[in-house]
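> How does the following fold in three dimensions:
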Amino acid sequence: MSTDTHHQIALTLVPGVGSILIRQLISYCGSAPDVFRSPLARLMKVPGIGEVTARAILKPGALTEAEQVMNRLSTMGAQALFYTDKAYPARLKALYDAPALLYYQGSGELNALRTIGIVGTRQATDYGRRITGEIIDAIAPYGVSVISGLAYGIDIAAHRNSLVAGLPTIGVMASGLDVIYPNVHKKTAQEMLVTGGLLSESQPGTKPDAHLFPARNRIIAGLSDVVVVVEAATKGGALITAEYANNYHREVFAVPGQLTQTFSAGCNKLIRENKAQIYTSPKDIIETLNWDQVARGLNEQTLRKPSLPPLPVDMTEEESQVMALLRQSVDVHIDELSWKSQIPMGRLASLLLSLEFRGFVRSLPGKKYAVVYV
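Numbering: from 1, shown residues only. Below you'll find the model as predicted:
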C-alpha cells in the first residue's frame with residue numbers, strides 16, 4: 001500500500017478527528033501526508049482544529065498504529081478506500097456524513113449499476129424469509145448488487161438468497177473485517193467474497209459494539225438505490241436504515257404484515273407515516289427504479305433518442321453544467337448530480353425544477369433526471 005494510504009489510515013486514528021474534520025484537513029493541507037508534515041500553527045488555522053487536536057495529529061502514535069493496520073489488511077487481502085479514491089463508492093461520496101475511509105475485502109463492484117438494500121428483523125419469520133427470496137429471485141435478471149448487514153434473520157436471508165441467485169452481495173459490518181459477527185455466518189461471509197464482499201469503516205480487530213451499528217446502517221442506506229424493509233418491530237436497526245435512506249433521498253419500500261405480528265409493526269408504521277411505499281410485489285421495485293426497461297430489450301445506449309434540443313445562449317453556467325452531466329447518461333440520480341457538479345442539494349433542486357419547466361429536463365421515478373429529446 002502507498003504512503004498516501006498509510007497517512008490516510010492514520011488520520012482516522014487520531015483522537016478527536018472524524019470524517020468531517022478529515023475533509024477539512026485535506027482541503028486546507030492538500031493531502032494526508034501534508035497534514036502530518038504541517039506545523040502546529042498551520043494546523044490550528046484549520047476550522048474545527050484546536051490546539052489539543054493539532055498536537056494529537058503531530059504525535060507519532062497514529063502513524064505507528066496505521067502501519068499495523070496496513071499489515072493486517074495485507075495479510076487479509078483487504079484494502080483501504082479513502083474518499084478521494086476512484087474505487088470508493090460514488091453513492092456515498094455526495095453524502096454529508098460519509099466515512100472518510102472504508103475497509104473492503106472482496107471482488108465485487110462497489111459502484112454497481114443497480115443496488116438494493118434489504119434489511120429487517122433478526123427474528124425473521126417464514127413469511128419474511130419467503131418475501132426476501134421472492135424479491136431476490138425477481139431482480140436476478142437485472143444484475144442488481146444486494147446490500148445488507150450480515151446479521152441474523154432477514155439480513156442473512158438476503159445474502160444467502162443472493163448467492164443462490166448468482167447476484168453479488170455486499171455485507172456492511174459494524175465490526176472489523178476480520179471479526180465476523182455473528183460468527184456462525186463466517187462461511188456465508190467467505191462465499192460472498194467471490195462475487196461480492198465485506199465492507200466496514202471500522203479498522204481490523206474492532207469488536208461489534210452497540211454504538212457502531214447505527215453508523216453501519218447509514219452505509220447500507222447510502223450504498224442502496226432502494227431500501228426494502230421486509231420485517232421490523234417499531235424500534236430497531238431496520239427502521240434506522242429506513243430513516244437514513246429517506247434522508248439520503250433513496251426509495252424506501254416496506255413489506256406490510258398482519259396487524260397482530262410484532263415484526264410487521266415497524267413496516268406498517270413506515271407505510272402509515274409515508275416514510276415508505278407499500279410493497280405488494282417485486283414489480284413495485286422494478287418499475288419504480290426503471291429496471292423493467294432492460295426487460296423490454298432496452299439498454300442504456302438504445303434508450304437514447306437521436307437528437308437533443310439546442311441549449312439557449314442565456315443558460316447560466318450552473319445550468320449548462322447540469323445539462324452536460326445529464327447528456328452523458330440516460331438518467332442520473334440527484335445525489336450523483338450534486339456530487340459531480342458540487343452544487344448544493346437545495347440549489348440543484350431549484351435548477352432542475354427550472355430546467356424541467358422550460359422543457360429541457362424531465363424527472364423520473366427514484367429521484368433521477370434525464371434530458372428531454374426531440
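> so what's the residue most central in space within the chain up against?
Most central in the chain under Cα atoms, centre = their mean is Leu223, positioned 1.9 Å from the mean C-alpha point. Residues near Leu223 by Cβ atoms under 8 Å, 6 or more residues apart in numbering: Pro89, Arg91, Leu92, Leu110, Thr115, Gly117, Ile147, Ile170, Val172, Leu199. Heads up, the C-betas are built off the backbone N, CA and C, glycines and all.
> Which two among these are spaced furthest apart?
Using Cβ to Cβ, the two most remote members of the contacts of Leu223 are Leu110 and Gly117, lying 13.6 Å apart.
> measure the residue nearest to the centre of the chain to Leu40 for me?
Leu223 sits 38 Å away from Leu40, taking Cβ to Cβ, to the nearest Å as the criterion.
> what's the span of stretch 199-219 from first residue to last?
With Cα to Cα, to the nearest Å as the measure, stretch 199-219 spans 9 Å from end to end.
> An error on my part: the question was meant for stretch 104-123.
28 Å.
> Lowest average confidence across helices and strands of this structure, where is it?
Least confident helix or strand, the chain: helix 292-295 with a mean of 62, by mean pLDDT, DSSP states H and E.
> chain center to whatever helix or strand comes next after that one: distance?
Next helix or strand after helix 292-295 toward the C-terminus (DSSP states H and E): helix 317-326. On the basis of Cα atoms, centre = their mean, to the nearest Å, helix 317-326 sits 25 Å off its chain's mean C-alpha point.
> what does helix 317-326 contact?
By Cβ under 8 Å, 6+ apart, the surrounding residues in contact with helix 317-326 are 311, 315, 332, 337, 340-341, 343, 347-348, 351-352, 354-355, 360-361, 369-371.
> Please flag which of the contacts of Leu223 sit within strands.
Among the contacts of Leu223, the ones falling in strands (DSSP state E) are Thr115, Gly117, Ile147, Ile170, Val172, Leu199.
> pLDDT for those - can I get that in TSV?
Shown next, in TSV, are those (pLDDT from 0 to 100):
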residue	pLDDT
Thr115	97
Gly117	98
Ile147	98
Ile170	98
Val172	98
Leu199	98
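> got a winner among those for most neighbours?
Within those, most neighbours by other Cβ atoms under 10 Å means Ile147, with 33 neighbours.
> shouldn't that one be in contact with Ile220?
Yes. Using Cβ atoms under 8 Å, Ile147 is in contact with Ile220, at 5.4 Å.
> intersection of neighbour lists for those two?
Common neighbours of Ile147 and Ile220, using Cβ under 8 Å, 6+ apart, are Gly117, Val172.
> domain parsing for this structure?
Under the assignment automatic domain parsing, the domains of the chain span 3-105, 107-293, 317-371.
> Of these, which stretch is the most buried?
For the domains of the chain, ranked by mean neighbour count under the definition mean count of other Cβ atoms under 10 Å, the leader is domain 107-293 at a mean of 21.
> Leaving out sequence neighbours, find the closest residue to Thr84.
Ile26 (7.4 Å; Cβ to Cβ, 6 or more residues apart in numbering).
> element containing the closest residue to Lys235 other than its chain neighbours?
Leaving aside its sequence neighbours, Lys235 sits nearest to Gly266 (Cβ to Cβ, 6+ apart; 7.5 Å). Using DSSP H and E, Gly266 falls within helix 262-272.
> could you pull out the strands for the stretch 1-150 of the chain?
Assigned by DSSP state E, counting those that start in this stretch, the stretch 1-150 of the chain shows strands spanning 79-82, 101-106, 115-119, 145-148.
> Please identify which of those strands is closest to Tyr181.
Nearest to Tyr181, of the strands of the stretch 1-150 of the chain and by Cβ to Cβ, is strand 145-148 at 13.6 Å.
> partners of that closest one, with directions?
Strand 145-148 pairs in its sheet with strand 115-119 (parallel), strand 169-173 (parallel), by DSSP bridges.
> Need the pLDDT of the residue nearest to the centre of the chain.
Listed pLDDT for Leu223 reads 97.
> Not counting sequence-adjacent ones, nearest residue to it?
Closest residue to Leu223 apart from its sequence neighbours, by Cβ to Cβ, 6+ apart: Ile147 at 5.0 Å.
> Now do the spatially closest residue to Met173 that is not a sequence neighbour against Ser363, distance only.
Counting by Cβ to Cβ, 6+ apart, Met173 lies nearest to Ser200, which is 4.3 Å off, once chain neighbours are set aside. Noted for Ser200: a distance of 35 Å to Ser363, by Cβ to Cβ.
> Let me know whether Tyr248 touches Asp225 as I believe.
No. At 10.5 Å, Tyr248 and Asp225 do not qualify as touching, with contact defined as Cβ under 8 Å.
> what does the host helix or strand of Lys187 contact?
Under the criterion of DSSP H and E, Lys187 resides in helix 186-192. For helix 186-192, contacts defined as Cβ under 8 Å, 6+ apart pick out Gly106, Gly108, Leu150, Ile156, His159, Arg160, Leu163, Thr169, Ile170, Gly171, Ile180, Leu198.
> hang on, the fifth one in a helix?
When you say that, I think you mean His159. Yes. Assessed by DSSP: H, G, I helix; E, B strand; the rest coil, His159 belongs to a helix.
> Alright, that wraps it up for me.
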